[in-house]
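Trainee: here's a sequence, model it:
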Amino acid sequence: MQGFWTIVMLVFSNVFMTFAWYGHLKLQEMKISTGWPLILIILFSWGIAFFEYCLTVPANRIGFTENGGPFNLMQLKVIQEVISLTIFTVIVTFLFKGQPVQWNHLAAFFCMIMAVFFVFLK
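Mentor: Here you go, the predicted structure:
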């Protein structure tokens, strides 16, 4: 069950992370944050990232083998990266219409999936 909750929390944390890192670009595109100074954009992003950390830190803690979880550090990191790219792709596809997914993006995702396969090999 710890592995399941680790994955769930990493998925939600990556939603917050993607909005913290790229949401301000959507706000700029919508002409909401065009006049904001950079420091305000940074503070806005940090405010969103706070919730990312509130999920990522516990996810890594409960998922880590030394805390009774099923994943070692390498596995946690590779899982995190695959989730990150997946969430990023979904959000960009729906929010940023001018950013199409191309064949080389799919090839890169396949490589990431293979990375998960290899990191779990004994």
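
Trainee: determine the longest helix present in the chain.
Mentor: Counting residues, the longest helix found in the chain (DSSP state H) is helix 2-29.

Trainee: in the next helix or strand after that helix, what's buried?
Mentor: From helix 2-29 onward toward the C-terminus, using DSSP states H and E, the following helix or strand is helix 38-63. By 16 or more other Cβ atoms under 10 Å, the buried positions in helix 38-63 come out as 41, 44-45, 48-49, 51-52, 55-56, 59-60, 62-63. C-beta here means a position set from N, CA and C on the backbone, and glycine is covered the same way.

Trainee: same thing with stretch 103-122?
Mentor: Those would be 112, 115, 119, for stretch 103-122 by 16+ other Cβ under 10 Å.

Trainee: what sits up against that stretch?
Mentor: Contact with stretch 103-122 is made by 74, 75, 78, 79, 81, 82, 85, 86, 89, as judged by Cβ atoms under 8 Å, 6 or more residues apart in numbering.

Trainee: now do it: distance to the chain's middle.
Mentor: Distance of stretch 103-122 from the chain centroid (Cα atoms, centre = their mean, to the nearest Å) equals 16 Å.
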